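Asks: I would like to see how this sequence folds:
(chains A and B)
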2 protein chains.
Amino acid sequence: MEKHVEVSMLCQIYGKLLTEKQYEFINDYYNNDLSLSEIAENNNITRQAVRDVIKKGENKLFEYEEKLLIMKKMLKQEKQIQDILVELSKIQETSSDKKIEKILNNIRKELICLN
Amino acid sequence: MEKHVEVSMLCQIYGKLLTEKQYEFINDYYNNDLSLSEIAENNNITRQAVRDVIKKGENKLFEYEEKLLIMKKMLKQEKQIQDILVELSKIQETSSDKKIEKILNNIRKELICLN
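Replies: Model (predicted):
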(Lines give C-alpha, C1' and ligand atoms only; values in the text may rest on other atoms or scores of the structure.)
Protein backbone atom coordinates (compact mmCIF):
# COMPACT_ATOMS: atom_id res chain seq x y z
CA MET A 1 0.00 0.00 0.00
CA GLU A 2 1.23 3.52 -0.77
CA LYS A 3 2.55 5.33 2.30
CA HIS A 4 0.20 8.25 1.70
CA VAL A 5 -2.88 6.00 1.75
CA GLU A 6 -1.56 3.94 4.66
CA VAL A 7 -0.89 6.93 6.94
CA SER A 8 -4.23 8.43 6.04
CA MET A 9 -6.06 5.21 6.93
CA LEU A 10 -4.06 4.70 10.14
CA CYS A 11 -4.87 8.28 11.14
CA GLN A 12 -8.58 7.59 10.65
CA ILE A 13 -8.32 4.56 12.97
CA TYR A 14 -5.86 5.71 15.64
CA GLY A 15 -5.92 9.50 15.16
CA LYS A 16 -7.59 10.09 18.52
CA LEU A 17 -4.50 8.68 20.25
CA LEU A 18 -2.27 11.39 18.74
CA THR A 19 -1.65 14.82 20.22
CA GLU A 20 -3.77 17.60 18.77
CA LYS A 21 -0.82 19.01 16.82
CA GLN A 22 0.24 15.61 15.44
CA TYR A 23 -3.30 14.94 14.28
CA GLU A 24 -3.69 18.38 12.75
CA PHE A 25 -0.40 18.36 10.84
CA ILE A 26 -0.81 14.78 9.58
CA ASN A 27 -4.31 15.64 8.45
CA ASP A 28 -3.12 18.83 6.71
CA TYR A 29 -0.23 17.04 5.03
CA TYR A 30 -1.82 13.74 4.02
CA ASN A 31 -5.50 14.58 3.61
CA ASN A 32 -5.58 18.29 2.76
CA ASP A 33 -2.43 18.14 0.59
CA LEU A 34 -0.73 21.09 2.27
CA SER A 35 3.08 21.22 1.91
CA LEU A 36 5.41 21.24 4.93
CA SER A 37 6.16 24.90 4.16
CA GLU A 38 2.49 25.84 4.08
CA ILE A 39 1.82 24.12 7.42
CA ALA A 40 4.93 25.81 8.87
CA GLU A 41 3.75 29.22 7.71
CA ASN A 42 0.19 28.70 9.02
CA ASN A 43 1.59 27.79 12.44
CA ASN A 44 4.51 30.24 12.64
CA ILE A 45 7.09 27.47 13.08
CA THR A 46 9.90 26.08 10.96
CA ARG A 47 9.48 23.48 8.22
CA GLN A 48 11.76 21.17 10.22
CA ALA A 49 9.53 21.48 13.31
CA VAL A 50 6.51 20.49 11.21
CA ARG A 51 8.44 17.53 9.79
CA ASP A 52 9.37 16.40 13.34
CA VAL A 53 5.77 16.55 14.60
CA ILE A 54 4.52 14.58 11.57
CA LYS A 55 7.32 12.00 11.86
CA LYS A 56 6.59 11.44 15.56
CA GLY A 57 2.86 11.11 14.89
CA GLU A 58 3.45 8.67 12.02
CA ASN A 59 5.69 6.54 14.22
CA LYS A 60 2.96 6.39 16.85
CA LEU A 61 0.39 5.34 14.23
CA PHE A 62 2.67 2.57 12.91
CA GLU A 63 3.37 1.43 16.46
CA TYR A 64 -0.35 1.18 17.31
CA GLU A 65 -1.01 -0.80 14.13
CA GLU A 66 1.92 -3.12 14.87
CA LYS A 67 0.32 -3.92 18.23
CA LEU A 68 -3.42 -3.88 17.47
CA LEU A 69 -3.56 -4.79 13.74
CA ILE A 70 -6.92 -3.05 13.29
CA MET A 71 -6.13 -1.81 9.76
CA LYS A 72 -4.96 -5.27 8.72
CA LYS A 73 -8.21 -6.75 10.03
CA MET A 74 -10.28 -4.08 8.25
CA LEU A 75 -8.53 -4.73 4.93
CA LYS A 76 -9.05 -8.48 5.33
CA GLN A 77 -12.75 -7.87 6.07
CA GLU A 78 -13.08 -5.68 2.99
CA LYS A 79 -11.69 -8.52 0.88
CA GLN A 80 -14.06 -11.03 2.53
CA ILE A 81 -17.03 -8.75 1.94
CA GLN A 82 -16.09 -8.54 -1.75
CA ASP A 83 -15.96 -12.36 -1.87
CA ILE A 84 -19.41 -12.59 -0.30
CA LEU A 85 -20.78 -10.06 -2.82
CA VAL A 86 -19.46 -12.30 -5.61
CA GLU A 87 -21.24 -15.32 -4.05
CA LEU A 88 -24.45 -13.30 -3.82
CA SER A 89 -24.35 -12.52 -7.53
CA LYS A 90 -24.00 -16.24 -8.20
CA ILE A 91 -27.33 -16.75 -6.41
CA GLN A 92 -28.86 -13.98 -8.50
CA GLU A 93 -27.59 -15.65 -11.69
CA THR A 94 -29.08 -18.99 -10.61
CA SER A 95 -32.49 -17.74 -9.56
CA SER A 96 -35.01 -15.42 -11.19
CA ASP A 97 -37.27 -15.37 -8.13
CA LYS A 98 -38.24 -11.77 -7.30
CA LYS A 99 -38.48 -12.57 -3.60
CA ILE A 100 -34.89 -13.82 -3.57
CA GLU A 101 -33.77 -10.77 -5.51
CA LYS A 102 -35.25 -8.53 -2.82
CA ILE A 103 -33.53 -10.47 -0.02
CA LEU A 104 -30.23 -10.28 -1.91
CA ASN A 105 -30.56 -6.52 -2.13
CA ASN A 106 -31.16 -6.31 1.61
CA ILE A 107 -28.06 -8.41 2.27
CA ARG A 108 -25.96 -6.26 -0.06
CA LYS A 109 -27.03 -3.12 1.78
CA GLU A 110 -26.16 -4.65 5.15
CA LEU A 111 -22.80 -5.91 3.87
CA ILE A 112 -21.79 -2.51 2.56
CA CYS A 113 -22.47 -0.97 5.99
CA LEU A 114 -20.38 -3.63 7.73
CA ASN A 115 -16.89 -2.27 7.39
CA MET B 1 -22.77 -5.70 29.32
CA GLU B 2 -21.37 -7.26 32.51
CA LYS B 3 -18.11 -5.63 33.64
CA HIS B 4 -16.36 -9.00 33.69
CA VAL B 5 -17.20 -9.69 30.02
CA GLU B 6 -16.48 -6.09 29.00
CA VAL B 7 -12.99 -5.95 30.54
CA SER B 8 -12.17 -9.37 29.11
CA MET B 9 -13.17 -8.27 25.61
CA LEU B 10 -11.39 -4.91 25.89
CA CYS B 11 -8.26 -6.75 27.03
CA GLN B 12 -8.43 -8.96 23.94
CA ILE B 13 -8.58 -5.87 21.72
CA TYR B 14 -6.24 -3.41 23.48
CA GLY B 15 -4.24 -5.75 25.74
CA LYS B 16 -1.02 -5.18 23.80
CA LEU B 17 -1.09 -1.52 24.85
CA LEU B 18 -0.95 -2.43 28.56
CA THR B 19 2.21 -3.05 30.55
CA GLU B 20 3.19 -6.69 30.95
CA LYS B 21 2.05 -6.72 34.60
CA GLN B 22 -1.28 -5.03 33.86
CA TYR B 23 -1.99 -7.54 31.10
CA GLU B 24 -0.96 -10.51 33.23
CA PHE B 25 -2.99 -9.53 36.31
CA ILE B 26 -6.12 -8.59 34.31
CA ASN B 27 -5.86 -11.88 32.47
CA ASP B 28 -5.41 -13.83 35.70
CA TYR B 29 -8.28 -12.04 37.40
CA TYR B 30 -10.85 -11.84 34.59
CA ASN B 31 -10.01 -14.81 32.37
CA ASN B 32 -8.35 -17.34 34.69
CA ASP B 33 -10.63 -16.53 37.66
CA LEU B 34 -7.80 -16.10 40.16
CA SER B 35 -8.64 -14.00 43.23
CA LEU B 36 -6.71 -10.85 44.14
CA SER B 37 -5.16 -12.78 47.05
CA GLU B 38 -4.01 -15.60 44.80
CA ILE B 39 -2.41 -13.20 42.31
CA ALA B 40 -0.78 -11.33 45.23
CA GLU B 41 0.65 -14.55 46.63
CA ASN B 42 1.94 -15.73 43.23
CA ASN B 43 3.75 -12.43 42.76
CA ASN B 44 4.92 -11.81 46.33
CA ILE B 45 3.12 -8.48 46.58
CA THR B 46 0.14 -7.18 48.57
CA ARG B 47 -3.48 -7.63 47.59
CA GLN B 48 -3.78 -3.83 47.40
CA ALA B 49 -0.86 -3.62 44.96
CA VAL B 50 -2.57 -6.17 42.69
CA ARG B 51 -5.81 -4.19 42.89
CA ASP B 52 -3.96 -0.98 41.92
CA VAL B 53 -2.29 -2.58 38.88
CA ILE B 54 -5.61 -4.03 37.70
CA LYS B 55 -7.47 -0.74 38.27
CA LYS B 56 -4.85 1.22 36.32
CA GLY B 57 -4.96 -1.31 33.47
CA GLU B 58 -8.76 -1.29 33.35
CA ASN B 59 -8.78 2.50 33.20
CA LYS B 60 -6.40 2.40 30.25
CA LEU B 61 -8.62 -0.13 28.46
CA PHE B 62 -11.73 2.00 29.01
CA GLU B 63 -9.84 5.08 27.83
CA TYR B 64 -8.73 3.39 24.59
CA GLU B 65 -12.27 2.22 23.90
CA GLU B 66 -13.64 5.69 24.59
CA LYS B 67 -11.30 7.06 21.92
CA LEU B 68 -11.21 4.28 19.30
CA LEU B 69 -14.61 2.54 19.78
CA ILE B 70 -13.31 -0.76 18.34
CA MET B 71 -15.36 -2.94 20.70
CA LYS B 72 -18.50 -0.95 19.93
CA LYS B 73 -17.87 -1.45 16.21
CA MET B 74 -17.23 -5.18 16.68
CA LEU B 75 -20.46 -5.64 18.64
CA LYS B 76 -22.40 -3.73 15.98
CA GLN B 77 -20.85 -5.93 13.29
CA GLU B 78 -21.78 -9.08 15.19
CA LYS B 79 -25.37 -7.91 15.27
CA GLN B 80 -25.29 -7.10 11.53
CA ILE B 81 -23.82 -10.51 10.73
CA GLN B 82 -26.66 -12.15 12.67
CA ASP B 83 -29.15 -10.10 10.62
CA ILE B 84 -27.51 -11.24 7.38
CA LEU B 85 -27.63 -14.87 8.54
CA VAL B 86 -31.37 -14.47 9.09
CA GLU B 87 -31.75 -13.07 5.56
CA LEU B 88 -29.78 -16.01 4.18
CA SER B 89 -32.12 -18.50 5.81
CA LYS B 90 -35.03 -16.68 4.14
CA ILE B 91 -33.41 -17.47 0.78
CA GLN B 92 -33.03 -21.08 1.82
CA GLU B 93 -36.72 -21.23 2.77
CA THR B 94 -37.71 -19.76 -0.58
CA SER B 95 -35.56 -21.97 -2.78
CA SER B 96 -34.92 -25.71 -2.91
CA ASP B 97 -32.17 -25.39 -5.51
CA LYS B 98 -29.14 -27.44 -4.43
CA LYS B 99 -26.77 -25.05 -6.18
CA ILE B 100 -28.13 -22.11 -4.17
CA GLU B 101 -27.89 -24.14 -0.98
CA LYS B 102 -24.20 -24.71 -1.63
CA ILE B 103 -23.57 -21.01 -2.27
CA LEU B 104 -25.46 -20.13 0.93
CA ASN B 105 -23.22 -22.47 2.91
CA ASN B 106 -20.12 -20.79 1.46
CA ILE B 107 -21.45 -17.38 2.41
CA ARG B 108 -22.26 -18.55 5.95
CA LYS B 109 -18.70 -19.81 6.40
CA GLU B 110 -17.26 -16.53 5.18
CA LEU B 111 -19.59 -14.50 7.37
CA ILE B 112 -18.65 -16.41 10.49
CA CYS B 113 -14.94 -15.70 9.85
CA LEU B 114 -15.62 -12.00 9.38
CA ASN B 115 -15.61 -10.71 12.92
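Asks: going forward, measure contacts between C-alpha atoms and count neighbours the same way
Replies: Will do.
Asks: do the longest helix seen in chain A and chain B meet?
Replies: Using DSSP state H, we find that the single longest helix of chain A is helix A:70-94. Yes - with Cα under 8 Å from any Cα of the partner chain as the measure, helix A:70-94 is seen reaching chain B through A:Gln77, A:Gln80, A:Ile84, A:Glu87, A:Leu88, A:Lys90, A:Ile91, A:Thr94.
Asks: Quick check: residues of chain A near chain B?
Replies: Residues of chain A lying near chain B (Cα under 8 Å from any Cα): A:13-14, A:16-17, A:67-68, A:77, A:80, A:84, A:87-88, A:90-91, A:94, A:99-100, A:103, A:106-107, A:110-111, A:114-115.
Asks: ok, back up a step: in ChimeraX, how would I select just the buried ones from the residues of helix A:70-94 next to chain B?
Replies: To isolate the buried ones among the residues of helix A:70-94 next to chain B in ChimeraX, judged by 16 or more other Cα atoms under 10 Å in any protein chain shown, type:
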select /A:77,80,84,87,88,91
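Asks: Counting by contacts, list what the worst-scoring helix or strand of chain A on mean pLDDT packs against.
Replies: For chain A, counting by mean pLDDT, DSSP states H and E, helix A:98-114 ranks last in confidence among helices and strands (a mean of 90). Applying 3 or more Cα pairs under 8 Å, 6 or more residues apart in numbering or on different chains; DSSP states H and E, one finds that helix A:98-114 contacts helix A:70-94, helix B:70-94.
Asks: Quickly find the element holding the closest residue to A:Ile26 other than its chain neighbours.
Replies: Nearest non-adjacent residue to A:Ile26, counting by Cα to Cα, 6 or more residues apart in numbering or on different chains: A:Ile54, 5.7 Å away. A:Ile54 belongs to helix A:47-68 when assigned by DSSP states H and E.
Asks: Which positions within that helix qualify as buried?
Replies: Neighbour count says helix A:47-68 has A:47, A:50-51, A:53-54, A:57-58, A:60-62, A:64-65, A:68 buried, by 16+ other Cα under 10 Å.
Asks: now the end-to-end length of stretch A:21-37.
Replies: Separation of the first and last residues of stretch A:21-37 by Cα to Cα, to the nearest Å is 16 Å.
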